[in-house]
Structures are given as C-alpha cells and as structure tokens.
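**Student:** Next one to model:
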Amino acid sequence: MRNYLRLLTAAILLFLISSCKSGEKLYNKGRYDEAVAAFVKKLQKKPNDPIALQLLPKAYQQSQLRHEDKVNGYLVSDNPLKWEYVRREYRSLQSLYDIIYASPAAQKVVQPKDYRNAITGAQENAAQVRYDRGMELLNRGDKPSAREAYNEFAASLKLVNNYRDAKQKMDESYQQGLVNVMISQIAIRSPYFQFSADQFRDALVRNLQNRNINFFVKFTDEKFARNDQEQPDQYLEMQFYDFEVGQTYIDRTSRDVSREIEDRPLKDTSGKEIKRYMTVKATIYTIRKTVVSRGALDYRIIDVANNQVLRQDRIPGSYTWVNQVGTFKGDERALSDEDKRLIGGVDAPPPPPQDLFMLFTRPIYDQLASNLHDFYN
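**Tutor:** Below is the predicted model:
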C-alpha cells in the first residue's frame, strides 16, 4: 500500500511539472494558439506564474501576426471564396480574445483585440460572393446549374442568416433543378392481373418517394400527375414480358422404411437377461404440390424533351409455391426424425393467381428499386 501511494504521488508530481512546462513547450514549437490557451489556464490556477506572465504576451503577438498574415495573403489572392478563409482566421483570433478576456490575470499583461466587427464584415462579403455565384448559375437556365445555384444560396444563408432574398432564390433553384420522373401505368395484356400490376406500381412509387434517393428527383404516379397537370422531365415506362402463373403439379410418392429396435429381453436358465432385436416397418406416403410463377419486367427511362432512352433493362423474377402432406402406415418406431418432420401438413390449394403474381414480382421489385436508386443517386 505504501509503495502504491509513493507511485501515485510521483505520477501526480510528474503531471504537474509537465503541465507547468506544456505552455512553454508549445510556444517553443511555434504552436502559439495552443500556447496562449495553456498560459491562460496556468494563470487561472497560479496568477503570478512568472513563465506564463512573460510568454503569454509574446505567444499572443505571434498568433496575431500569423493569422493576420494569412488574412493579407487571402485578400490579395484570386480565390473566389477567400472571404470564408478570412473569416476563419478572424474567428481563430476572436477565440484567443475570448480566452484571454475571461482571465483577469491574463488581461494584466495582454490587451487582446476584438475581431467581432472583422468577422461580421468577412461574413457579409463571403455571403455576397456566394449569392452572386448562385445568381450567375441560376441565370444559365439549365438544371445542373440550378442545382449548383441551390447550394450556393444555401451557403450564403449559412454564412448570414436571412441574407437578402437568398431563401427565395434557393427555392427557385430547387424548382428549376428538380427532375420530375413520371412512373407510367404498367402495360400488361391480361386484364386478370391488372390489379396486381397496379399494386406493384403503387408499392414502387411509395418506396421511391420514401427513400429520398436524390433531393433533386421527384417521383410521381402517372394517374395523379395527369390530374394535377404536372409536366414530367423523364418517363419511367414498364411492361411485364413473358410472364406466367403455371399449373399445379402434383407428385405422389411412397417409400418403405424399416429400423431394427431392441425388443424385450429374455432370461436364460441362470436368470441372465439376453438382448433381443426386432425389425419394425412402415410406409411413408407424400403428396407434393408445386406451382411455378415466373416472368420478366422491361423498363425504360425516357427523356421527355428529346425522347432519348436514358436507361433500359429487363429484370427476371420467379417464385415456386410448395405444399407437402405426409402420412404413413405401419409402425411409427420405424420413422427417423427426418421422416417424422415430413409427416403432417394440410392439403391446401395454391394461392390465387394474383397472389402468385405478386410473389414472383417481389424480387423484380427489389431489383428495380435498387437500379433506380443507383441511376438517380
């Protein structure tokens, strides 16, 4: 226990010594901003610390010279976003002001400069630059430029809240950059499955709208868009190709099984038990019903302005419905665990064709949603 206390005391002393020298080390390494913070922290604990009092003014002066030198370099540069870099340097200087201003001991040796007005001026200039860039992009009149303009106006508002009419211009940019994709009704020749095809499309529309695939892409259902007189930019055309819901196939099988099991033992003349074995037998009957439904979906994404096909593909899908009923005759002890799992079940009819249609289109639906996500993202 005594050794533990000695080690703990030594560790604390080592920490205090290193803390005292940390500001000086940072200063000697040229890390002046960090040195200022370290010296101020030291003065808060020990207001008369000679090293901190001596080096704090020098560290602050070096920080100020370094940041203002960067500011001057940015101001004479051709970088269109230079005011944002200027603001960053002024904010670093203001942080030093706040640190020193919070310490009476530090204020005795350093009179920090308040850069709040400089920050405000840099922010105003930076917001103006972003706003002007947004207007130039918006006036080009094309969708890609409008999306870039949206980001510029958003950056302007982030720099200065409610800057001029940047919010209104941002909304205009969004509407101009938006791609309205109209999802068509699915072409299908069989009226028997039309309702299922509509369910497929409705689920796809909801999925795409909820996924937020791309902020500048809006998916609308044709049947609603027509009523609202929305003008599409692109058209998603779909058609089921070579689909079928097959006939029920019934397979009846039977097989004999047997096992050797231990019978009741016999006793010999001396009374000793003698093991006996017997063979038990059973016949297993199974009826297996299967219905295979399969097909493929052709889709095309068409640019409405020039009728150009932007993407097209065919997605296959299939689903096999299976129902199995098992019975047996004979001695149940002849059945293995696997045989017992086959026994039972309910002789059920296949689902309605429309349900089978939806089941075989599920993998098609998932693949189509993934393809559209990749294309528009």
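
**Student:** Between the two ends of stretch 159-168, how far is it?
**Tutor:** 16 Å (Cα to Cα, to the nearest Å).

**Student:** With stretch 217-236 instead?
**Tutor:** Taking Cα to Cα, stretch 217-236 runs 13 Å from one end to the other.

**Student:** So which residues of this protein form helices?
**Tutor:** 2-28, 32-45, 50-75, 82-101, 104-107, 116-138, 143-159, 166-177, 194-211, 222-228, 337-342, 353-376 (DSSP state H).

**Student:** do you know which of those helices lies nearest Gln312?
**Tutor:** helix 353-376 (10.5 Å; Cβ to Cβ). To be clear about C-beta, it is placed using only N, CA and C from the backbone, and glycine gets the same treatment.

**Student:** Name the surrounding residues that touch the closest one.
**Tutor:** 179, 181, 192-193, 195-197, 199-200, 203-204, 207-208, 211, 213-214, 217, 236, 240, 243, 245, 291, 293-297, 299, 301, 310-311, 313, 315-319, 321, 350-351 (Cβ atoms under 8 Å, 6 or more residues apart in numbering).

**Student:** And for stretch 201-221?
**Tutor:** Under the contact criterion Cβ under 8 Å, 6+ apart, stretch 201-221 has outside partners 143, 147, 150, 174, 177-183, 185-186, 230, 232, 236, 238, 365, 368-369, 372-373, 376-377.

**Student:** tell me the mean pLDDT for it?
**Tutor:** The pLDDT scores in stretch 201-221 average 84.

**Student:** One more: stretch 156-170?
**Tutor:** Rounded mean pLDDT across stretch 156-170 is 96.

**Student:** Buried residues of it, list them for me.
**Tutor:** Buried residues in stretch 156-170, counted by 16 or more other Cβ atoms under 10 Å: Ser156, Leu157, Leu159, Val160, Tyr163, Ala166, Lys169, Met170.

**Student:** ditto for stretch 103-121
**Tutor:** In stretch 103-121, counting by 16+ other Cβ under 10 Å, buried: Ser103, Ala105, Ala106, Val109, Val110, Pro112, Tyr115, Ala118, Ile119.

**Student:** will you turn the residues you listed into JSON lines that also has pLDDT and distance to Thr283?
**Tutor:** Formatted as JSON lines, these follow (pLDDT from 0 to 100; distance: Cβ to Cβ, whole Å):
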{"residue": "Ser103", "pLDDT": "94", "distance to Thr283": "95"}
{"residue": "Ala105", "pLDDT": "94", "distance to Thr283": "99"}
{"residue": "Ala106", "pLDDT": "94", "distance to Thr283": "97"}
{"residue": "Val109", "pLDDT": "95", "distance to Thr283": "103"}
{"residue": "Val110", "pLDDT": "95", "distance to Thr283": "100"}
{"residue": "Pro112", "pLDDT": "95", "distance to Thr283": "98"}
{"residue": "Tyr115", "pLDDT": "97", "distance to Thr283": "95"}
{"residue": "Ala118", "pLDDT": "97", "distance to Thr283": "96"}
{"residue": "Ile119", "pLDDT": "96", "distance to Thr283": "91"}
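
**Student:** want to throw those into a markdown table with distance to Phe357?
**Tutor:** Formatted as a markdown table, the buried residues of stretch 103-121 follow (distance: Cβ to Cβ, whole Å):
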| residue | distance to Phe357 |
| --- | --- |
| Ser103 | 76 |
| Ala105 | 81 |
| Ala106 | 77 |
| Val109 | 83 |
| Val110 | 79 |
| Pro112 | 75 |
| Tyr115 | 69 |
| Ala118 | 69 |
| Ile119 | 64 |
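
**Student:** pLDDT value on the spatially closest residue to Met170 that is not a sequence neighbour, please?
**Tutor:** Nearest residue to Met170 in three dimensions, chain neighbours excluded: Phe153, at 3.8 Å (Cβ to Cβ, 6 or more residues apart in numbering). pLDDT for Phe153: 97.

**Student:** And for Leu13?
**Tutor:** At Leu13, pLDDT is 38.

**Student:** ok, how many other residues are close to the residue nearest to Gly345 when sequence neighbours are not counted?
**Tutor:** In space, and not counting its chain neighbours, Gly345 is closest to Val325: 4.3 Å by Cβ to Cβ, 6+ apart. Other residues within reach of Val325, judged by other Cβ atoms under 10 Å, total 16.
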